[in-house]
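> Coordinates only, no sequence provided:
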């Protein structure tokens, strides 16, 4: 099922950089004038353009979400978070007065942190449900079942499992979470289905893990060597305002190089993971998906996008988005045929508001 024999490109993307830059500058101006509030409508503008310039079987997608839905979702998420913080503070004060115990007093705060972790994990699930429900093709929309909170609890528990196993359960937990998200989704009356096997990518994960560890050791040794050399030559920063900056600079460089290096090393595992997930996913019995993404292509994409964003000070964002969409259209594969005349409408109730919790606790995704 992982074979791409007789598979063809899934998507066709025909957007242009000129139009993307027109949307970018309009969004930027209105966000400045509204002190950032317009960003929800800016997201909607980007999605409507991207969706409408993606075609499958010569039919274009349509995005039906609104900026108002995203804004209301954000306000709702803020209300939930504010209420949770107030409740934790009040409960903590009550416990302190009643029990006189510092340990028990901290329990509501710990519960708050756990709740935030669950909400952050569930926000990914909620965002996928919202975007699917606002995606139409030939008048048919997507849908999703399941509980975002339940997904968030799994993210928390799986994260703890990865911590206690020093990350070695990461492929298994990633597969289980991918199954949860994909199998909860549908398009019209057809369900998505995915069944993953962690052992298919575990070898590359171990190689990536070892590579990251080696990189950490090498960078740490370079940092120590530089520090000892400065001490030996007497060039250590003197006490004062400049000391903090001189000390912080190498640490920031160490952190930046490590993050960038790990991201690039992970391209091999990420590409294999994407091929496995896509190659074992179906939509009903009509479509089978696949991917021809390689570590080299993913590496060039990430290096190029990073360079564009850094050297343009963020003004190359439309170029990055254009590259991402072309990459997706080039690498996603499909076999089979979907007849829209036989595809019934989704009976899943669409969410009323947008992905507010993701916008509050995260950047909200690529667009």
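Received, thanks. In this text, all values refer to a predicted model and were calculated from it rather than measured experimentally.
> mind listing what the closest residue to residue 360 other than its chain neighbours touches?
What sits nearest to residue 360 in space, not counting adjacent residues and going by CB to CB, 6 or more residues apart in numbering, is residue 77, at 4.4 Å. No exception for glycine: its C-beta is placed from N, CA and C like everyone else's. With contact taken as CB atoms under 8 Å, 6 or more residues apart in numbering, residue 77 is in contact with 356-357, 359-361.
> List just the nearest of those residues to residue 261.
For these, the closest approach to residue 261 (CB to CB) belongs to residue 361, at 26.6 Å.
> which residues touch the closest one?
Contact partners of residue 361, counting by CB under 8 Å, 6+ apart, are 77, 116, 119-120, 123.
> One more pass at 10 Å, please.
For residue 361, the contact set (CB atoms under 10 Å, 6 or more residues apart in numbering) comprises 77, 81, 116-117, 119-124.
> Out of these, which is nearest to residue 299?
Closest approach between these and residue 299, by CB to CB: residue 124, at 24.9 Å.
> nearest spatial neighbour of the closest one, skipping sequence neighbours?
residue 358 (6.7 Å).
> Is the one you found in contact with residue 130, as I believe?
Yes. Using CB atoms under 10 Å, residue 358 is in contact with residue 130, at 8.9 Å.
> in the helix or strand bottoming out on mean pLDDT in the chain, what's buried?
Each helix and strand of the chain was given a mean pLDDT (mean pLDDT, DSSP states H and E); the minimum falls on helix 241-265 at a mean of 75. For helix 241-265, the neighbour count (16 or more other CB atoms under 10 Å) marks 254, 258, 261-262, 264-265 as buried.
> again, but for stretch 27-35
Within stretch 27-35, the residues scored as buried using 16+ other CB under 10 Å are 27, 30-31.
> after whichever strand or helix holds residue 86 comes which helix or strand?
Using DSSP states H and E, residue 86 falls within helix 67-99. For helix 67-99, the following helix or strand on the C-terminal side (DSSP H and E) is helix 102-105.
> Could I get the average pLDDT for that next one?
Helix 102-105 shows a mean pLDDT of 85.
> That one - contacts with which helices or strands?
helix 67-99 (3 or more CB pairs under 10 Å, 6 or more residues apart in numbering; DSSP states H and E).
> quick one: average pLDDT of the helix it packs on?
Mean predicted lDDT for helix 67-99 stands at 94.
> Now do the buried residues in it.
Within helix 67-99, the residues that qualify as buried are 67, 69-74, 76-77, 81, 84, 88, 91-92, 95, counting by 16+ other CB under 10 Å.
> Regarding residue 37, what is its secondary structure?
When classified by DSSP: H, G, I helix; E, B strand; the rest coil, residue 37 comes out as coil.
> That one against residue 30, yeah?
Yes. Shown here, residue 37 and residue 30 form a contact pair, counting by CB under 10 Å, at 9.0 Å.
> Now do the buried residues in stretch 325-342.
Buried, per 16+ other CB under 10 Å, within stretch 325-342: 325, 327-329, 331-335, 338.
> of all these, which comes closest to residue 221?
residue 327 (35.7 Å).
> Report the separation between the closest one and residue 144.
25 Å (CB to CB, to the nearest Å).
> Give me the below-cutoff pLDDT ranges for the stretch 1-150 of the chain.
1-6 (pLDDT under 70).
> so where do the strands sit in the chain?
Assigned by DSSP state E, the strands in the chain fall at 8-9, 12-13, 54-56, 59-63, 135-137, 140-144, 185-187, 190-194, 281-283, 287-291, 332-336.
> Take the buried residues of helix 241-265 and write them to a markdown table, including distance to residue 134.
As requested, the buried residues of helix 241-265 are exported to a markdown table (distance: CB to CB, whole Å):
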| residue | distance to residue 134 |
| --- | --- |
| 254 | 42 |
| 258 | 38 |
| 261 | 37 |
| 262 | 34 |
| 264 | 34 |
| 265 | 36 |
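> Between those residues, which sits nearest residue 15?
Checking the buried residues of helix 241-265 one by one against residue 15 (CB to CB), the nearest turns out to be residue 264, at 27.2 Å.
> Skipping adjacent residues, who's closest to the closest one in space?
In this structure, residue 264 finds its nearest non-sequential neighbour in residue 299, 6.1 Å apart by CB to CB, 6+ apart.
> How confident is the prediction for the one you found, by pLDDT?
Looking at residue 299, its pLDDT is 92.
> Which residues are in contact with it?
263-268, 270-271 are the contacts of residue 299 under CB under 10 Å, 6+ apart.
> Can I get those residues in a markdown table including distance to residue 284?
Below are these laid out as a markdown table (distance: CB to CB, whole Å):
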| residue | distance to residue 284 |
| --- | --- |
| 263 | 36 |
| 264 | 37 |
| 265 | 37 |
| 266 | 33 |
| 267 | 32 |
| 268 | 32 |
| 270 | 28 |
| 271 | 27 |
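> Which members of those are the farthest-apart pair?
With CB to CB as the measure, no two of the contacts of residue 299 lie farther apart than 263 and 271, at 12.8 Å.
> quick one: the longest helix anywhere in the chain to helix 241-265, angle?
For the chain, the helix that runs over the most residues, judged by DSSP state H, is helix 199-233. When axes from the mean of the first three to the mean of the last three CA atoms, to 10 degrees is applied, the directions of helix 199-233 and helix 241-265 differ by 150 degrees.
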